[in-house]
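Undergrad: Below is the sequence, then the predicted model.
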Amino acid sequence: VNDVLCATLNLAIKEYLKELGDPIVNTNKKIRISIPISVRKPGDKSPGNLMTTSMLDFGFQDKSREDVVWEMKRQVDMIKLSPQPYLEMILIRVLARIFPPQMLVDISLFIFGKFTMMLSNVPGPQKKVQLLGQDLMDMYFYLFIPLGIYCGMISYDDKVSFTICSDPDTEDKPERLAHHWNKEFHALYEQVMSGPEVVKEPKKPLQTPSMTTVLIGSSVAAAVVGYFLVRR
């Protein structure tokens, strides 16, 4: 489900940018999407957020909708196998014991703030629930954060709600992107339902991050921390 929803957003953004005449469409350039990842242990019902983040790349090449889904699946699978989000969480906890709050914010934005958009995908109750004796017909949420654009998805009772918050300087009419979301979701559904019953993934090996890559990333993070320590 995550793969399909992320692919739908990728397709919607492509059509939105095409409508604007953005030159990034049909090129090899990509944008980075930050996605929060829950690191809460099974059965943990404590309040508050317990999460780290990772990144997805959204491309806008001339590909079929199915190809975009498979590409998104490969990225999501790689995130599931990568230790990077957990290493970043440990790093932040260590830094929180060293630096004052404002400096910690500056460091976090410097290391982890290189993205265009944030996307949250929250699994809600899969069956209808009640509040004060009344059935909840729908469930959705907004998150107001200092970013150009934020998208939130929540699944509830076999439905998915999609919300968009955008800075007016980025897009003062977020319904323009929402329009393409609806269109691409139904177009992808029709394409899949009209095809073969079993769709096989194209043969392409899953490229998982090597330990060398992880160590290089950790070294870069350590160098950044050292830079801020010297400034301090």
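TA: Cool, got the structure.
Undergrad: which residues touch the closest residue in space to R65 that isn't next to it in sequence?
TA: Leaving aside its chain neighbours, R65 sits nearest to L188 (4.8 Å; criterion: C-beta to C-beta, 6 or more residues apart in numbering). Where you see a C-beta, it was placed from the backbone N, CA and C, and this is true even at glycine. Counting by C-beta atoms under 8 Å, 6 or more residues apart in numbering, L188 makes contact with 4, 7-8, 11, 65, 69.
Undergrad: Ok, S54 next?
TA: 34-35, 37, 79, 82, 84-85.
Undergrad: after whichever helix or strand M153 is part of, next one along is what?
TA: In the assignment (DSSP states H and E), M153 maps to strand 149-156. The first helix or strand that comes after strand 149-156 along the chain, using DSSP H and E, is strand 159-166.
Undergrad: Okay, buried residues for that next one please.
TA: 160, 162-166 (16 or more other C-beta atoms under 10 Å).
Undergrad: so who does the residue nearest in space to the middle of the chain touch?
TA: The chain has I35 as the residue nearest its centroid, 3.1 Å off, counting by C-alpha atoms, centre = their mean. By C-beta under 8 Å, 6+ apart, the residues touching I35 are 53-56, 79, 118-121.
Undergrad: Would you mind measuring from it to Y140?
TA: 18 Å (C-beta to C-beta, to the nearest Å).
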